[in-house]
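Peer 1: Could you work out the structure for the sequence below:
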Amino acid sequence: MTKEQLKGLSALERGINSKLDDLERLRSLAERTTTLITGMPRGGGQQDRYNSIICRIWAIEKELDADIDAYVDTHKAISDALNRLRA
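Peer 2: Predicted structure coming up:
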């Protein structure tokens, strides 16, 4: 266990929390973004915005999955090192 591992764990936690905040904000924005379906051709401005938000949500969720995996691995390494010190 090193200071770098502990700092890395803290940085991962801050990054995870930041991404969770981003997801909450984007999901709220997506819920407020509605589209009107009339069957008539129109500019795709609102639909494009909605699609952009959904794509950003998807990308952040993928990053979040990887960050959580890294957090769990780092946390386990630190726990194992502490258990070895206790033994």
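
Peer 1: Could you check how many residues crowd around residue 12?
Peer 2: By other C-beta atoms under 10 Å, the residues close to residue 12 number 19. Quick note: C-beta positions are derived from backbone N, CA and C, even for glycine.

Peer 1: quick one: low-confidence parts of this structure?
Peer 2: Scanning the chain for pLDDT under 70 picks out 1, 34-45.

Peer 1: one more time with 50, if that's ok
Peer 2: For the chain, no stretch has pLDDT under 50.

Peer 1: any idea which helix is longest in it?
Peer 2: The longest helix of the chain (DSSP state H) is helix 45-86.

Peer 1: these two touch, right, residue 27 and residue 54?
Peer 2: No. Using C-beta atoms under 8 Å, residue 27 is not in contact with residue 54; the gap is 9.7 Å.

Peer 1: for the longest helix of the chain, the distance to its chain's centre please.
Peer 2: Distance, stretch centre to chain centre, for helix 45-86: 5 Å (C-alpha atoms, centre = their mean, to the nearest Å).

Peer 1: From residue 22, how far out is residue 15?
Peer 2: 10 Å (C-beta to C-beta, to the nearest Å).

Peer 1: secondary structure element for the closest residue to residue 57 other than its chain neighbours?
Peer 2: Leaving aside its sequence neighbours, residue 57 sits nearest to residue 26 (C-beta to C-beta, 6 or more residues apart in numbering; 5.0 Å). Assigned by DSSP states H and E, residue 26 belongs to helix 3-32.

Peer 1: Determine the set of other helices and strands touching that helix.
Peer 2: Helix 3-32 sits against helix 45-86, with contacts defined as 3 or more C-beta pairs under 8 Å, 6 or more residues apart in numbering; DSSP states H and E.

Peer 1: quick one: the helix it packs on to helix 3-32, angle?
Peer 2: Compare the direction of helix 45-86 with that of helix 3-32 by axes from the mean of the first three to the mean of the last three C-alpha atoms, to 10 degrees and you get 150 degrees.

Peer 1: and helix 45-86, what does it pack onto?
Peer 2: With contacts taken as 3+ C-beta pairs under 8 Å, 6+ apart, helix 45-86 sits against helix 3-32.
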